[in-house]
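**Q** Sequence first, predicted coordinates after that:
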Amino acid sequence: MRTPLRHPPHPLLPRLPAALLRVLLPRAERDEVLADLATEYARCAADAGVPAARRWLWRQTLRSAPALLGWSWWRGWSGFEPRANAFRPGIPMLNQWLTDARYAARRLRARPGYTTIAILTLALGIGGTAAIFGIARPVLFDPLPYANANEVGMLWMPGWWTEEEFLYMRGKFAGFQSMAAYRPGDVTLRENNAPTRLIPGISTSAELLDVLGARPLIGRGFRPGDDAQGAEPVAVISYGLWQGLGGTPSVLGSRLTLSGTPRTIVGVMPRGFWFPDPAVRIWLAKPLDPEGRNGSYALVGRVAPGVQLSHLDPYVERITKTLGARFQYEIGADKTRNATVQPLRQALLGSMRPALVAMFVGMGLILLIACTNVAALMLGQVEGRSSELAVRSALGATHGRILQQLVVEALLVGLAAGLAGALLAGAGFHTLAGALPIGAWGEAVSFDWTVFVAALAVALGAVLLVVLVPAFSLSRGDLRGALHRARTGGLQGRGGRLERGLVVAEVALAMLIASGAALLVRSVANLYRIDPGVEARGIAVVDVLGSPDTPSPQRGGTLNTVQAALAALPGVRSAAVAMKIPLRGGGDSFGISIPGKPDAERTFTYFRVVSRDYFATMGIKLHEGRVFDSSDRPLTRADSINPEMSIIINEAFAKKYFPGEQPIGRVIGGGFGARQRIIGIVANVAEANLTDDPQPVRYYLGGQAPWFGNRETFVLRAARPQDAAAVLDAARRTVQRVAPSLAVQGTTTMQRVMDAAVGPARQVMSLLVMLSALALILGAVGIYGVISHFASRRQRDWAIRVALGLPGSRVVSHIVGQGAALAIGGIALGAVGAALLARLLASFLFGVTTVDPLAFAAASALLLLVGVVAAFIPARRAGTVDPALVLREQ
Amino acid sequence: MSGGAAPLGVLEEQVLLAVLRTAGDAFGMQVRREIEHVTGRELAIGAVYATLDRLEAKGLLVSSRVHDAGASRRLFELSAAGAQALADTRAMRERLWKGVHLPRHLAPEGR
């Protein structure tokens, strides 16, 4: 009995107010009120003229609007329908929805178990997805804060760039209009009496900000010449640092003593600017040395007008030619080979992508599982209500009307879940951000309203997904048939296919996550099985930053004092200091010369400057000869004529340069301009990265070799291995007390250094294992629900059979078999998807392929186990129930 | 209406009285016109209908449909409870007025 959608406007009333009133008025009274108004309007027009009547009508419409809206709302909420309206068709839209909402709220309140499970399940998925969205947004979606972002790329070549190379190539970078060189340049800041602070920074050539197209908020950027030797040292600071320094414009032109050098602040970058990551708070113009051969610079450049970032290959070839004509490279560090240009976004953020995408997918899968679960729950509700729905249908309710009620119920659940999810996202946001391998970004992200909006949007999407299933079931279902069945109390053994399909889907989704987690567990186990060559347990690590301008002997003195103080701490067995400890990337390397071996001249090896007790403290095994001892004197002025240093090499060094010879006692050259006598051979240590092949390394004794650069790392071996973390606080205080000029950059343990070296795989693994646990729980709930439904539907059936002599155990095994069948179906389906999805994890895998059979088997076995256990509970109940009881009940 | 019920609002009281005054002809529009006529203030039709509905939900009014000349309209009548509510409201007001005399200098002119 629907009235046509478009009404002709009331013949006697102006079009617009009439239309407005039509929308606002309850349908049952619409015509009579309009008719009344038309009469009144006509009278008014006759008395006072049409314009006055029009004004009157508009006044009536506008002033009625709030009352009419309130009226509609109130009727919908209270459900009041006047007696006079009985048998009048339809109630207005708003009323319908509100009536449904009221009804749904009542139903949900009456079923607290169902409601709580549905809301919590959805909230987990929604909260997780929203949180990961909030964290990933700045990395994956937000535009970079640089005007030229789309024209800027990083020029990658094997090995870092030196100042010499960069200055030679400056202006000769074909295809680029400008190119900047930068490298990490953390500095210390000492203000008055405050302890020395570390400020993460970047040392850069003057082009950087122009290349990026970034303008300072106040002041200026770098000018050409700021990076010349002898130029006034200048720095540009971040908005955050500016606020920390008072946030007044007077900061411009002021001087800060950074790592012992006074620098003039010339500019402040706007809020939201970051490069190359959000932790960096200061950019320093670096005086570049045309002959500087050390330095590990990265290059970032803006392409010339008309050149596409993706079509740079011919230009890069020209660049490598120019470079090759001037410099000689050894194989493996040959800059003229394998040069590529990477778009800036990929270069800066690309490394975080896999982890974020994997987590996004993982959370999305959890959300899907949650949706499936709630859909199954709702389906069960719809089936349980089939008699009620059938009666309503028999009384004239359309499918659409019944569906609308379902949608309203799902919306209510979704709204509650969205709010709960937003709360969950807020509560877990920083934990999740910290657990993800995204470095400085983990601290830079903030929970804001977009996460909240995302949670609600996700909830809405989830609701639509959830409603699809019961809607489908309704559209297919034969409601009147249900009425017959309900009346005859007939068996409903068949059916539930949709429900079982949902559970299979759920298990398949859980399989995706669980197999991914299993792959990572295997991979991470492989990584931890690698022997790094040091005894990581029991070592405390203190990183310090000093000023590079302190002369080496004086620094050596400071380091010795600190080392002695640290070694004297209670609970510390020994302490040492090194320029760089293992597992933290390449570090410095030198050329080498070996008498009688001219080939060695073109190669480089890593070198490390360490203190005397380094090897004992780190637990590095000595293979031959001896380690440093008191007979290795520091070099004095008297040695400057023909200095000789003692060095220790590792096995890889011996194997590469002295195959089949005795290296001990041999004298080599290259580096520090001194003769170097080999006194010992130690085991190979993973000096750079955990998964590297053994690399040749030379170890020098600090004091004989100068301490250069500005970072050192103290290592402390605790007397009891489990105390490594416990001594850190005392160590930090000791450094601050003994050597105020050193800034403690951080404290950690060697075990954590090892964890960091294992890399993002470990963190992604932990998160995926957690998600798998969640998926397994949700999957178990799903299987449990469907199987108990199944068991209760066929209760009478079995009761009869048991009464006739079927053993209860057969009933149990039959039902458990049903659960296992569901699990197996899901596992098979999931395994196919998992093989495809595992590619997302490829970058984290080590020693396993994306289709590792062991990982898949483990995940399958786990899921099957969960399926069987979840099915066993209802099965046992069905198998042990007294048949007489069941038969009497029905 | 038993004493525990909420007292009538001003508009509610006016609407109830207007239904009484237009007895037998108390359609929504008539009620509105009656109040406008007596109080001299324009009243939005929406407010009148919403109030009529609320009063019916409280049981102070009953409505029925009358059909004439093809149109069907709701006709309102006072219920016993409605009459009681009006009486209560009036009684309360009179109790409040009892012994109250407006000071001469404040009394409106013409009274």
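**A** Now that the structure is in, tell me what you want to look at. Numbering: from 1, shown residues only, chains lettered A, B, ... in the order given.

**Q** buried ones in stretch A:853-869?
**A** For stretch A:853-869, burial by neighbour count (16 or more other Cβ atoms under 10 Å in any protein chain shown) applies to A:855-856, A:858-860, A:862-864, A:866-868. Using the backbone N, CA and C atoms, a C-beta is placed for each residue, glycine as well.

**Q** Include secondary structure when you put those residues into JSON lines, please.
**A** Formatted as JSON lines, those follow (DSSP: H, G, I helix; E, B strand; the rest coil):
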{"residue": "A:Ala855", "secondary structure": "helix"}
{"residue": "A:Phe856", "secondary structure": "helix"}
{"residue": "A:Ala858", "secondary structure": "helix"}
{"residue": "A:Ala859", "secondary structure": "helix"}
{"residue": "A:Ser860", "secondary structure": "helix"}
{"residue": "A:Leu862", "secondary structure": "helix"}
{"residue": "A:Leu863", "secondary structure": "helix"}
{"residue": "A:Leu864", "secondary structure": "helix"}
{"residue": "A:Val866", "secondary structure": "helix"}
{"residue": "A:Gly867", "secondary structure": "helix"}
{"residue": "A:Val868", "secondary structure": "helix"}
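
**Q** hmm, stretch B:71-84 touching chain A?
**A** Yes. Using Cβ under 8 Å from any Cβ of the partner chain, a contact is recorded between stretch B:71-84 and chain A, made by B:71-75.

**Q** Just the CA coordinates for that stretch, please, in PDB.
**A** What follows is stretch B:71-84, C-alpha atoms only, in PDB (Å, rounded to 0.1, in the frame of the first residue of the first chain):
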ATOM      1  CA  ALA B  71     -11.300  14.200   3.700                       C
ATOM      2  CA  SER B  72     -10.400  12.500   7.000                       C
ATOM      3  CA  ARG B  73      -9.400  14.500  10.000                       C
ATOM      4  CA  ARG B  74      -8.600  13.900  13.600                       C
ATOM      5  CA  LEU B  75     -11.100  15.200  16.000                       C
ATOM      6  CA  PHE B  76     -10.000  15.700  19.600                       C
ATOM      7  CA  GLU B  77     -12.000  15.300  22.800                       C
ATOM      8  CA  LEU B  78     -11.200  15.900  26.400                       C
ATOM      9  CA  SER B  79     -10.900  12.700  28.400                       C
ATOM     10  CA  ALA B  80     -11.900  12.400  32.000                       C
ATOM     11  CA  ALA B  81      -8.300  12.600  33.000                       C
ATOM     12  CA  GLY B  82      -7.900  15.700  30.900                       C
ATOM     13  CA  ALA B  83     -10.800  17.400  32.600                       C
ATOM     14  CA  GLN B  84      -9.200  16.400  36.000                       C
END
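
**Q** so the residue of chain B found nearest chain A is in which element?
**A** Closest to chain A within chain B is B:Gly46: 2.6 Å, counting by Cβ to the nearest Cβ. When elements are defined using DSSP states H and E, B:Gly46 is found to belong to helix B:45-57.

**Q** got a list of contacts for that helix?
**A** Helix B:45-57 has contacts (Cβ atoms under 8 Å, 6 or more residues apart in numbering or on different chains) with A:24, A:29, A:33, A:36-37, A:60, A:63-68, A:70-71, A:74-75, A:78, A:80, A:82-83, B:11-12, B:15-16, B:19, B:28-29, B:31-32, B:35, B:61-63, B:74, B:76, B:82.

**Q** From these, keep the buried residues only.
**A** So, by 16+ other Cβ under 10 Å, the buried ones in these are A:24, A:29, A:33, A:36-37, A:60, A:63-65, A:67-68, A:71, A:74-75, A:82, B:11-12, B:15-16, B:19, B:28-29, B:31-32, B:35, B:61-63, B:74, B:76, B:82.

**Q** Give me the subset of the residues you listed lying in strands.
**A** B:61-63, B:74, B:76 (DSSP state E).

**Q** Save the residues you listed as JSON lines, and put in pLDDT too.
**A** Output for those, formatted as JSON lines (pLDDT from 0 to 100):
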{"residue": "B:Leu61", "pLDDT": "91"}
{"residue": "B:Val62", "pLDDT": "90"}
{"residue": "B:Ser63", "pLDDT": "87"}
{"residue": "B:Arg74", "pLDDT": "85"}
{"residue": "B:Phe76", "pLDDT": "91"}
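
**Q** for chain B, what spans make up the helices?
**A** B:10-21, B:28-39, B:45-57, B:80-97 (DSSP state H).

**Q** The longest one - contacts with which helices or strands?
**A** Under the contact criterion of 3 or more Cβ pairs under 8 Å, 6 or more residues apart in numbering or on different chains; DSSP states H and E, the helices and strands touching helix B:80-97 comprise helix B:10-21.

**Q** State the mean pLDDT of the helix it packs on.
**A** Mean pLDDT, helix B:10-21: 92.

**Q** Could you list the alpha-carbon positions for it in PDB?
**A** Extracted in PDB, the C-alpha atoms of helix B:10-21 (Å, rounded to 0.1, in the frame of the first residue of the first chain):
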ATOM      1  CA  VAL B  10       1.200  26.600  29.600                       C
ATOM      2  CA  LEU B  11       0.800  25.500  26.000                       C
ATOM      3  CA  GLU B  12      -0.700  22.200  27.200                       C
ATOM      4  CA  GLU B  13      -3.200  24.000  29.300                       C
ATOM      5  CA  GLN B  14      -4.100  26.400  26.500                       C
ATOM      6  CA  VAL B  15      -4.500  23.500  24.000                       C
ATOM      7  CA  LEU B  16      -6.700  21.600  26.400                       C
ATOM      8  CA  LEU B  17      -8.900  24.600  27.000                       C
ATOM      9  CA  ALA B  18      -9.100  25.300  23.300                       C
ATOM     10  CA  VAL B  19     -10.200  21.800  22.700                       C
ATOM     11  CA  LEU B  20     -13.000  22.400  25.200                       C
ATOM     12  CA  ARG B  21     -13.900  25.700  23.700                       C
END
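
**Q** hmm, back to that, skip the chain neighbours and tell me the closest residue to the residue of chain B closest to chain A.
**A** A:Ser64 (2.6 Å; Cβ to Cβ, 6 or more residues apart in numbering or on different chains).

**Q** outside of stretch A:58-75, which residues touch it?
**A** Contacts for stretch A:58-75 (Cβ under 8 Å, 6+ apart): A:17, A:20-21, A:24-26, A:37, A:80-81, A:91-92, A:94-95, A:98, B:42, B:44-47, B:49-50, B:53-54.

**Q** ok, now with 6 Å
**A** A:17, A:20-21, A:24, A:94-95, B:44-47, B:50 (Cβ atoms under 6 Å, 6 or more residues apart in numbering or on different chains).

**Q** One more: stretch A:762-779?
**A** By Cβ under 6 Å, 6+ apart, stretch A:762-779 touches A:355, A:358, A:362, A:366, A:369, A:373, A:435, A:437, A:506-507, A:510, A:513-514, A:516-517, A:520-521, A:524, A:755, A:844, A:866.
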